[in-house]
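In: predicted model and sequence below, questions to follow.
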Protein chains: 2
Amino acid sequence: MGDAITIKDIAKALGMSYSTVSRALKGSYKISEATRLKVKEYADAHHYRPNLLAQSLKSKKSRSIGVLLCSIPNNFFAEVINGIDSIAYNKDYHVILTQSLESYEREIKNLEHLAGRLVDGLLVSLATETTDLSHFRQWHDSGVPIVFFDRVTDLINTHKVVVDNAGGAYKAIQHLLENGYRKIAHITSSPNLSITQERLEGYNKALLENGISPNPDYIRYCQHGGMLPEEVEQAIEQLLSLPHPPDAVFTASDRITISTLSILHKRGIRIPQQLAMAGFSNFSAPELFTPPLTTVRQPAFEMGRAATELLIQLIESKQPVTAFEKKVLPAELIIRASS
Amino acid sequence: MGDAITIKDIAKALGMSYSTVSRALKGSYKISEATRLKVKEYADAHHYRPNLLAQSLKSKKSRSIGVLLCSIPNNFFAEVINGIDSIAYNKDYHVILTQSLESYEREIKNLEHLAGRLVDGLLVSLATETTDLSHFRQWHDSGVPIVFFDRVTDLINTHKVVVDNAGGAYKAIQHLLENGYRKIAHITSSPNLSITQERLEGYNKALLENGISPNPDYIRYCQHGGMLPEEVEQAIEQLLSLPHPPDAVFTASDRITISTLSILHKRGIRIPQQLAMAGFSNFSAPELFTPPLTTVRQPAFEMGRAATELLIQLIESKQPVTAFEKKVLPAELIIRASS
DNA sequence: TTTATTTATGCAAACGTTGGCACAAGTGAT
DNA sequence: ATCACTTGTGCCAACGTTTGCATAAATAAA
């Protein structure tokens, strides 16, 4: 970037050795005050900026963390990124963002990229398509700190930060039941995601506790997590054409929630009279929807912060860490008119 | 990252020189087929990954681009990032994202960071607070390609990608006028942003063409671009307490639009009966709001793509580029029930 | 056979920074 | 005046990769 001035340039200009200049700039080791000042002054005057690449090459530390998530333009992940950034910025780490767009292939390619950049650690939320975790295991085994968030896996032993998905779903279903809904459908993401399983678990638990045995016809999976509008459309179509169509629907992700609301609107279905609705969403103002939407809100910003704190802790730990933590953040049910 | 295998390791293991291995891997220069195969095989078997840092240090090219924008969790910017990523990924560039949160100080610090990482180029959308551009000029003069998008400046001569802000605002105001509204207020961002000026220009033009002279009382600036909820609250308060309160309000950014809608809701103001509303917004489903919101939608994804294409073109150009382009993308007015 | 040419490989320096080791000059104790 | 430290600096190798130049071996032309 530009033809920046280097330590060598300063050394030559001032008739010193490289090391003296380096040490003067770092303030380390024994350097006379006079030299230090002379160097600093020259450096400032010529806009000296250390070459971080060279430093990283030397130190094998890049002070950067790689983030692997599925989609940036998504309320939930955007807030998570904000949380990540808030910690990383203060601790002077760089954030290198990559999105998998739910694709396994792309996840691998991004991981390779980040690896080549020698990131000091990885913050990962798994892609929907991912079932084979050997690429993560490979890095993890070779000592790269990884923290999983949101979409996690039990197959790799490291820190994880998740939301209380089961609890959030449970609360939402409990609420729907209390309001008299009995035929509650669930539109969710791919069944191999941890969040899908946990949310389904909360859904089932609430139903069973109320003496209702879950009806498999009421559970619709979107393999692409709602990335494709038609998969949500199709799920709703199927639900509505059942002999006993549901009287409420619980949606499992931001994208699915918004899509569902939008599709129900287009079909002229009155909410909550014909069909009640509640869903996971991190949209900033769900009260503005027609009708105001009952949501399970996740502390996304907090999740980003927590994951990043844990990761940096791992990176900077002197001894290898063996005891890992699974941090579970609370999910908040906010009841509005849609249910 | 990990204890990765290097070219040196391969060379030693195979009894070759570093250069032979390097050339075999790159497929460059004259290398016998036998050697090439032997090297590739060994490299694959041991998961060799080139150290991108070392390559960058040598080549003075990092194949990464730095992005400087104000806020990631914002529909508009999130979509822009998606556009940036779509091009960068295909051209094999890394995206290093930083957010200024509208702060000048933070913008500078991020810029320093990116500079130290030797990014090959910069994609910039200015922070609200920024008026002094000398830090950008410094990099630009030293040869770092920069492309500005959305919030641009005339003071630095380089490629720019913007939306037809004046045209978008003009169309919205024209529409409000056609629907009989005459007292149209405008809640907007800080006056020193290019987008603010341009949107105001379209607003004024439409009014003047219809024989209405703009009323300064109807124009309210939010210095922090709506980052602080109270600034929007205050703007609305002031508008409503005017002797002749407006009959319509036109909002100039995603955040301000959502905040305004939310505040009007809380105050129980009926839209559009008491106050009509239209505003810039990139929310995915404004038809879901109460009432469905008339919006000026920006092609954010396209903007990200266009800016990135121009930047990479600059980076990879052999001759220094002197003729710069200002690309203006159309803004789309989508009329809904709020107006 | 000798000389010229091609082909494949090796050597070493460079990118910018850091840090171990060495060493000269200065200080103080004996 | 000698010895033992301390202080401030310089030298050089290393991080992993690339590349111009040199060179050995193989081939072709004389």
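Out: Perfect, thanks for sending it.
In: wait, residue A:292 touches residue A:336, no?
Out: Yes - Residue A:292 is within contact range of residue A:336, at 3.7 Å (criterion: Cβ atoms under 8 Å). (Each C-beta comes from the backbone N, C-alpha and C, glycine too.)
In: count the neighbours of the residue nearest to residue A:106 when sequence neighbours are not counted for me.
Out: With Cβ to Cβ, 6 or more residues apart in numbering or on different chains as the criterion, residue A:106 has its nearest non-adjacent residue at 4.9 Å, and that residue is residue A:100. Look at residue A:100: counted by other Cβ atoms under 10 Å in any protein chain shown, it has 24 neighbours.
In: ok, now residue A:106?
Out: Per other Cβ under 10 Å, the neighbour tally for residue A:106 reads 18.
In: can you give me the helices for the stretch 101-250 of chain A?
Out: Taking DSSP state H, counting those that start in this stretch as the criterion, the stretch 101-250 of chain A carries its helices at A:104-116, A:134-141, A:165-178, A:194-209, A:229-240.
In: ok, residue A:129 to residue A:214 distance?
Out: 26 Å (Cβ to Cβ, to the nearest Å).
In: more neighbours: the two, which one.
Out: More crowded of residue A:129 and residue A:214, by other Cβ under 10 Å: residue A:129, with 21 against 16.
In: burial count for residue A:268?
Out: Using other Cβ under 10 Å, residue A:268 has 7 neighbouring residues.
In: do residue A:333 as well
Out: With other Cβ under 10 Å as criterion, residue A:333 counts 19.
In: any idea how far it is from residue A:301?
Out: Residue A:333 is 18 Å from residue A:301, by Cβ to Cβ.
In: now swap in residue A:79 and tell me
Out: According to Cβ to Cβ, residue A:79 stands 5 Å off from residue A:301.
In: the more surrounded of those two?
Out: Using other Cβ under 10 Å, the more surrounded residue of residue A:79 and residue A:301 is residue A:79, with 21 against 18.
In: tell me who's in contact with the more buried one.
Out: A:282, A:300, A:301, A:304, B:73 (Cβ atoms under 8 Å, 6 or more residues apart in numbering or on different chains).
In: cutoff 7 Å now
Out: Residues near residue A:79 by Cβ atoms under 7 Å, 6 or more residues apart in numbering or on different chains: A:282, A:300, A:301, B:73.
In: wait, what's in contact with the residue lying closest to it once chain neighbours are set aside?
Out: Nearest non-adjacent residue to residue A:79, counting by Cβ to Cβ, 6+ apart: residue A:300, 3.6 Å away. By Cβ under 7 Å, 6+ apart, the residues touching residue A:300 are A:76, A:79, A:80, A:83, A:282.
In: can you rerun that using 10 Å?
Out: A:74-83, A:149-150, A:163, A:254, A:282, A:329, B:73 (Cβ atoms under 10 Å, 6 or more residues apart in numbering or on different chains).
In: among these, which are located in helices?
Out: Those of the contacts of residue A:300 mapping onto helices are A:75, A:76, A:77, A:78, A:79, A:80, A:81, A:82, A:83, A:254, per DSSP state H.
In: separation between residue A:129 and residue A:256?
Out: Distance from residue A:129 to residue A:256, by Cβ to Cβ: 17 Å.
In: could you list the low-confidence segments of chain A?
Out: Counting by pLDDT under 70, the ranges of chain A that qualify are A:1-3, A:28-29.
In: one more time with 80
Out: Scanning chain A for pLDDT under 80 picks out the ranges A:1-4, A:27-30, A:116.
In: strands of that one, start to end?
Out: A:64-69, A:94-99, A:121-124, A:146-149, A:159-163, A:184-188, A:219-221, A:248-251, A:276-280, A:294-297, A:326-329, A:332-334 (DSSP state E).
In: isn't the residue nearest to residue A:106 right up against residue A:127?
Out: Yes - using Cβ atoms under 10 Å, residue A:100 is in contact with residue A:127, at 3.9 Å.
In: overlap in contacts of the two?
Out: Contacts common to residue A:100 and residue A:127, judged by Cβ under 10 Å, 6+ apart, are A:68, A:69, A:70, A:71, A:106, A:107, A:108, A:110.
In: how many neighbours does the first one have?
Out: Here the number of neighbours of residue A:68 (other Cβ under 10 Å) works out to 24.
In: just the ones in helices among the contacts of residue A:300 now: which is nearest chain B?
Out: Closest approach between these and chain B, by Cβ to the nearest Cβ: residue A:78, at 3.8 Å.
In: what is the neighbour count of the closest one?
Out: 25.
In: list the contacts for it?
Out: A:69, A:71-72, A:254, A:282, A:300-301, A:304, B:71-75, B:77-78, B:81.
In: got a list of what residue A:171 touches?
Out: By Cβ under 10 Å, 6+ apart, the neighbours of residue A:171 are A:164, A:202, A:206, A:278, A:296, A:330, A:331, A:332, A:333, A:335.
In: tell me how far it lies from DNA strand D.
Out: 51 Å (Cβ to the nearest atom of the strand, to the nearest Å).
In: same question for residue A:118.
Out: Distance from residue A:118 to DNA strand D, by Cβ to the nearest atom of the strand: 9 Å.
In: run a quick neighbour tally on that residue.
Out: 24.
In: and for residue A:30?
Out: Neighbourhood size, residue A:30 [other Cβ under 10 Å]: 5.
In: do the one 5 residues further on as well
Out: Other residues within reach of residue A:35, judged by other Cβ under 10 Å, total 15.
In: then residue A:285?
Out: Residue A:285: 15 neighbours (other Cβ under 10 Å).
In: can you check residue A:161 too?
Out: Residues lying near residue A:161 (other Cβ under 10 Å) number 27.
In: so which residue of the stretch 51-200 of chain A comes closest to DNA strand D?
Out: Closest to DNA strand D within the stretch 51-200 of chain A is residue A:58: 3.7 Å, counting by Cβ to the nearest atom of the strand.
In: that residue: what's it in contact with?
Out: Shown in contact with residue A:58 (Cβ under 10 Å, 6+ apart): B:53, B:57.
In: mind exporting the C-alpha coordinates of stretch A:192-211 to PDB?
Out: Provided in PDB are the C-alpha atoms of stretch A:192-211 (Å, rounded to 0.1, in the frame of the first residue of the first chain):
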ATOM      1  CA  ASN A 192     -29.100 -30.900  10.700                       C
ATOM      2  CA  LEU A 193     -28.500 -27.500  12.300                       C
ATOM      3  CA  SER A 194     -28.200 -27.400  16.100                       C
ATOM      4  CA  ILE A 195     -30.600 -24.500  16.300                       C
ATOM      5  CA  THR A 196     -33.200 -26.400  14.400                       C
ATOM      6  CA  GLN A 197     -33.000 -29.400  16.700                       C
ATOM      7  CA  GLU A 198     -33.100 -27.300  19.800                       C
ATOM      8  CA  ARG A 199     -36.000 -25.200  18.800                       C
ATOM      9  CA  LEU A 200     -37.900 -28.300  17.800                       C
ATOM     10  CA  GLU A 201     -37.100 -29.800  21.200                       C
ATOM     11  CA  GLY A 202     -38.600 -26.800  22.900                       C
ATOM     12  CA  TYR A 203     -41.600 -27.000  20.600                       C
ATOM     13  CA  ASN A 204     -42.200 -30.700  21.300                       C
ATOM     14  CA  LYS A 205     -41.700 -30.300  25.000                       C
ATOM     15  CA  ALA A 206     -44.300 -27.600  25.400                       C
ATOM     16  CA  LEU A 207     -46.800 -29.600  23.400                       C
ATOM     17  CA  LEU A 208     -46.200 -32.800  25.300                       C
ATOM     18  CA  GLU A 209     -46.500 -31.100  28.600                       C
ATOM     19  CA  ASN A 210     -49.900 -29.900  27.500                       C
ATOM     20  CA  GLY A 211     -51.000 -33.300  26.500                       C
END
